[in-house]
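Student: Generate a structure from the sequence data that follows.
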Amino acid sequence: MRPRLGSHVSVEGGFERAIDRAESLEATAFQIFVRSPRQWTGRRLAADEASRFRRWLAASGLAPYALAHASYLINLAASDRHVVERSVEALGDEIERCAALGVPALVLHPGSHLGSGEETGLDRVAERLDLVLASPRASRAPVSVLLEITAGQGTSLGYRFEHLGRVLARARSRRRLGVCFDTCHAVAAGYDLGSPRAYARTMAALDRAVGLDRVRAFHLNDSRHPRGSRRDRHEHIGHGTAGLGTFRSILRDRRFRGVPMVLETPKGPDLAEDRQNLAVLHELSRAAR
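Tutor: Reported below is the predicted structural model:
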């Protein structure tokens, strides 16, 4: 089985247009936003709109490899009651939207502790994930939440594998949780993936902290800044500090075959950059087999 490669694609013009864009890239996986990532509320999702997308998604064969990315505003680690309430409501809404659209997994940044401390923040994330996933709107939704490794800017949580492991260990809803591995974020957080030996060490550490079976998605992005910079700036594949060896190792790793891997690299409206980046990944994939 070849790696499932694709990109984050726009839903401008209607959700079905996202599938058109993915298919134009000959993608075998893709990611979308199910509502604006920078607003607390989104327009109502019409039932006929959701059903059309589900039909198109099923016909495309991409349904098991479709991802959504949650709003950047959601912060389950917050201490401010107003932010917590809005975050819980927004996450529940996004899970509900994913279920209506037939998207099986939602990628979520764990959040920022904003001075309350990492352990407190991580425990809050686990508690509030349980609250959302046990709610009437989400309890029966066939949607997993994938916690994304982060670059570690500011007080962000999730830049260490142990952070994700703590949430997974403490959440009662852990069976519905997984991990999204972002290569730019991992490099920025200080993990070395550039050589086969370094890659093996890093994956062994990930396995100890969370279990490789929990890795349900990848974001394949090069990093504009050096390893350990804690700065989240994505770059085109092969043009950053992650190095082509990082992507070669991931694409060669049979443990992740069938796991959706999507680009979040800079792009214009014509998707030319996505095509170029995917061509590089496909070439690395062919060289790895």
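Student: host element of Ala90?
Tutor: Here Ala90, judged by DSSP states H and E, is contained in helix 81-101.
Student: which outside residues touch that helix?
Tutor: 15, 34-35, 40-42, 45, 47, 50, 53-54, 57, 68, 70-71, 73-76, 78, 104-106, 108, 111, 128, 131-133, 135, 137-138, 141-143, 145 (C-beta atoms under 8 Å, 6 or more residues apart in numbering). Placement of C-beta: from N, CA and C, glycine included.
Student: For it, the averaged confidence score.
Tutor: For helix 81-101, the mean per-residue pLDDT is 98.
Student: What is the neighbour count of Ala47?
Tutor: Neighbours of Ala47 under the rule other C-beta atoms under 10 Å: 9.
Student: one step back: any chance of a ChimeraX selection covering the buried ones in the contacts of helix 81-101?
Tutor: Applying 16 or more other C-beta atoms under 10 Å to the contacts of helix 81-101 leaves a buried subset, and the ChimeraX line that selects it is:
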select :15,34,35,42,45,50,53,54,57,68,70,71,74,75,76,78,104,105,106,108,111,128,131,132,133,135,138,141,143,145
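Student: Now, the contacts of helix 81-101 that are in strands?
Tutor: Ala68, Ala105, Leu106, Leu108, Val145 (DSSP state E).
Student: Quick one: residues contacting the second one.
Tutor: For Ala105, the contacting residues are Ala66, Leu67, Ala68, Cys98, Val143, Ser144, Val145, Leu146, Gly178, Arg216, Ala217, by C-beta under 8 Å, 6+ apart.
Student: if you skip the residues just before and after it, what's nearest to the fifth one?
Tutor: What that stands for is Val143. Closest residue to Val143 apart from its sequence neighbours, by C-beta to C-beta, 6 or more residues apart in numbering: Cys98 at 4.5 Å.
Student: And the pLDDT for the residue of the chain most remote from its centre?
Tutor: Using C-alpha atoms, centre = their mean, the residue of the chain lying farthest from its centre is Asp48. It sits 27.1 Å away. At Asp48, the model reports a pLDDT of 94.
Student: where's it relative to Ala100, distance?
Tutor: In this view, Asp48 and Ala100 are 11 Å apart by C-beta to C-beta, to the nearest Å.
Student: so who does the residue nearest the centre of the chain touch?
Tutor: Geometric centre of the chain, nearest residue: Val107, 4.0 Å, by C-alpha atoms, centre = their mean. Counting by C-beta under 8 Å, 6+ apart, Val107 touches Gln31, Leu67, Ala68, His69, Ala70, Leu146, Glu148, Cys180, Ala217, His219.
Student: these two touch, right, Thr241 and Ser223?
Tutor: Yes: judged on C-beta atoms under 8 Å, Thr241 makes contact with Ser223 at a distance of 5.0 Å.
Student: hey, what's in contact with both of those two?
Tutor: Both Thr241 and Ser223 are contacted by Val187, Glu235, under the criterion C-beta under 8 Å, 6+ apart.
Student: Compare neighbour counts for those two and give me the winner.
Tutor: Taking other C-beta under 10 Å, Thr241 and Ser223 do not tie; Ser223 has more neighbours (27 against 17).
Student: Ramachandran coordinates for that one?
Tutor: Backbone torsions of Ser223, given as degrees, to the nearest 10, read phi -110, psi 130.
Student: do the same with Leu220
Tutor: phi -100, psi 100.
Student: cool, Phe181 as well?
Tutor: Torsion angles, degrees, to the nearest 10, at Phe181: phi -100, psi 110.
Student: ok, how many other residues are close to Glu264?
Tutor: Neighbour count for Glu264, taken as other C-beta under 10 Å: 17.
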